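Trainee: need the 3D shape of this:
(one chain, ligands or ions: 2)
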Amino acid sequence: MRLSRFFMPLLKETPADAQIVSHRLMLRAGLIRQQSAGIYSWLPLGLRVLTRIEAIVREEMNRAGAIEVLMPTLQSAELWRESGRYDDYGKEMLRIKDRHDRDLLYGPTNEEMITEIVRANVRSYKQLPLNLYHIQWKFRDEVRPRFGVMRGREFLMKDAYSFDIDAAGARRAYNRMFVAYLRTFDRLGLKSIPMQADTGPIGGNLSHEFIILAETGESQVFCHRDLIDMPVPPAGIDYEADLTPYIKERTSLYAATEEKHDPTAFEAIPQDKRLSARGIEVGHIFYFGTKYSKAMGAKVAGPEGQDVFLEMGSYGIGVSRLVGAIIEASHDEAGLVWPDAVAPFDIGLVSLKSDDAKTSASCLDLYERLQNSGKDVLYDDTDERAGQKFAVQDLIGLPWQVIVGPRGLAAGEIEVKNRKTGERRTMTPDAAINLLTAAP
Ligand SMILES: Nc1ncnc2c1ncn2[C@@H]1O[C@H](COP(=O)(O)OP(=O)(O)O)[C@@H](O)[C@H]1O
Ligand SMILES: [Mg+2]
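Mentor: Ligands and ions are numbered 1, 2, ... in the order given. So this is what the prediction gives:
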């Protein structure tokens, strides 16, 4: 992409009402634009990041055996009356009437709708286990939308729902999601810690929140320090195998959110291993048994022919919140520092003199060769001053910068800068291509 043709509206001023660094940087670097409180447009740079996160979430869900569907944002109130949650949910639910005066709502979550789909289509235990998920916009009319995409009113969520014939099957489904979440957040460059959590309006008795430690996090959390750097299960993990060792390894060490905090258990941890910190909830998994299947009559024929209510769990990831969480975990004074896996482009190619024929020819050659080897390049072909171009590059935080100018070219060299380490090296264009296209 040529910057001169791209749409990347940057803000010069730091927006005064943005309280945390991720919100400030998302506005300054033109990732999002607020449309009303807690509701954002995703501008091209932001959308690229969001899409890449979504793709990783999808890959790990599929790998764990979940199957993608897409349910609508608007739901009928009737469904929610069946579960009893239409009245319980309160003001966070955005209620809408259509032209026939029928009650609709903008979905804050999808337990009811997915239960209806499975109830209508699954008749026998032989069709189980089943885990269906979608990645869809949700609306919750939060009392205090804040911190940009961290606590929005409209936000993108991946939500999965598992259906099993018995509690043991549901527990296996829960474990698969537990492992898939560890892998997903790791691939996004984040260290996530599963913590015992409250079940809130979803209900049920077993629940973990996946927390990213960050000073600006909204949750107060308590855990054993050894959980921070515990290695995650490998990509090739067999999801059909018994996953309990992976779960036990983590859940045998203390980790809880404020709502589930047990000071006695916490103080049993050796003092130097106790961690009391702030965190961001990026995922939340629940096992709630037959809460919805009983209320909504979702049952199947069991092995002996008798009707059995489905055992269910639900599993959310805050896809749009993750953009903010990744930035909280990875930025510096100069701006964003994207992990390779989610960067909006891999490389920023900077021409120091866009009216110089040799410089432009060299840039174009690099641009094409890098793109042909599968790299996404943002080519700054504008006629801004060099200093301004460097500031923009640092602000938008692409993993690599390739800087090309007439003086270097006269010596056959260009400059390559690693955004994260700040290391700059001069080398020939061929050496730069080799370095940048080498397998990660
Ligand atoms: N208002 C919000 N804005 C952005 N992301 C949200 C919001 N509410 C929830 N999420 C994300 O969706 C995930 C699943 O939500 P869930 O746990 O059902 O909601 P809650 O955390 O309010 O109980 C959360 O872990 C979080 O990452
Ligand atoms: Mg939650």
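Trainee: give the contact list for the residue of the chain found nearest ligand 1.
Mentor: Closest to ligand 1 within the chain is residue 318: 2.3 Å, counting by C-beta to the nearest ligand atom. In this view, the C-beta of every residue, glycine as well, is placed from N, C-alpha and C. Residues in contact with residue 318 (C-beta atoms under 8 Å, 6 or more residues apart in numbering) are 155-157, 281-283, 325.
Trainee: paired strands for the helix or strand containing residue 134, with orientation please.
Mentor: Residue 134 is located in strand 130-139, with elements delineated by DSSP states H and E. The pairing partners recorded for strand 130-139 under DSSP bridges are strand 67-68 (parallel), strand 154-164 (antiparallel).
Trainee: buried residues in it, which are they?
Mentor: 130-136, 138-139 (16 or more other C-beta atoms under 10 Å).
Trainee: likewise for stretch 76-95?
Mentor: Per 16+ other C-beta under 10 Å, stretch 76-95 contains these buried residues: 76-77, 79-80, 82-83, 85-86, 89, 93-94.
Trainee: can you give me the end-to-end distance of that stretch?
Mentor: The first residue of stretch 76-95 is 10 Å away from its last residue (C-alpha to C-alpha, to the nearest Å).
Trainee: touching it from outside, list them.
Mentor: Contacts of stretch 76-95 (C-beta under 8 Å, 6+ apart): 102-106, 108, 111-113, 115-116, 139-143, 201, 292, 295-296.
Trainee: quick check: residues of this structure near ligand 1?
Mentor: 109, 140, 142, 151-152, 155, 157, 200, 281-284, 316, 318, 320-321 (C-beta under 6 Å from any ligand atom).
Trainee: show me the strands in the stretch 151-300 of the chain, by range?
Mentor: Taking DSSP state E, counting those that start in this stretch, the strands of the stretch 151-300 of the chain run over residues 154-164, 192-196, 206-213, 219-224, 255-257, 274-289, 299-301.
Trainee: among those strands, which is nearest residue 242?
Mentor: Among these, the nearest to residue 242 by C-beta to C-beta is strand 154-164 (15.7 Å).
Trainee: make CSV from the buried residues of strand 130-139 and add pLDDT to it.
Mentor: Below are the buried residues of strand 130-139 laid out as CSV (pLDDT from 0 to 100):
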residue, pLDDT
130, 98
131, 98
132, 99
133, 99
134, 98
135, 98
136, 98
138, 98
139, 98
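Trainee: strands paired with the helix or strand containing residue 35, and their directions?
Mentor: Here residue 35, judged by DSSP H and E, is contained in strand 32-36. Here strand 32-36 is paired, per DSSP bridges, with strand 39-42 (antiparallel).
Trainee: what residues sit buried inside the strand it pairs with?
Mentor: 40, 42.
Trainee: now do stretch 260-277
Mentor: Result for stretch 260-277 [16+ other C-beta under 10 Å]: buried residues 260-261, 266, 269, 275, 277.
Trainee: ditto for stretch 379-392
Mentor: Under the neighbour-count criterion of 16+ other C-beta under 10 Å, stretch 379-392 has 379-382, 389-390, 392 buried.
Trainee: cool, and stretch 191-204?
Mentor: Those would be 191-197, 199, 202-204, for stretch 191-204 by 16+ other C-beta under 10 Å.
Trainee: so which of the buried residues of stretch 76-95 is the closest to residue 32?
Mentor: When those are compared against residue 32 (criterion: C-beta to C-beta), the nearest one is residue 94, at 20.5 Å.
Trainee: drop anything exposed from the contacts of stretch 76-95.
Mentor: Buried among the contacts of stretch 76-95 by 16+ other C-beta under 10 Å: 104-106, 108, 111-113, 115-116, 139-141, 292, 295-296.
Trainee: next step: these restricted to helices.
Mentor: Among the buried ones among the contacts of stretch 76-95, the ones falling in helices (DSSP state H) are 111-113, 115-116, 292, 295-296.
Trainee: farthest-separated two in those residues?
Mentor: 113 and 295 (13.6 Å).
Trainee: now the helices for this structure?
Mentor: 21-28, 44-63, 77-83, 85-88, 111-121, 167-187, 244-251, 263-267, 291-296, 319-329, 357-372, 386-396, 406-410, 429-437.
Trainee: what's the closest of those to residue 420?
Mentor: helix 386-396 (11.2 Å).
Trainee: what sits up against the closest one?
Mentor: By C-beta under 8 Å, 6+ apart, helix 386-396 touches 8, 10, 25, 28-29, 45, 334-336, 344, 348, 350, 352, 378, 380, 382, 384, 401, 405, 419.
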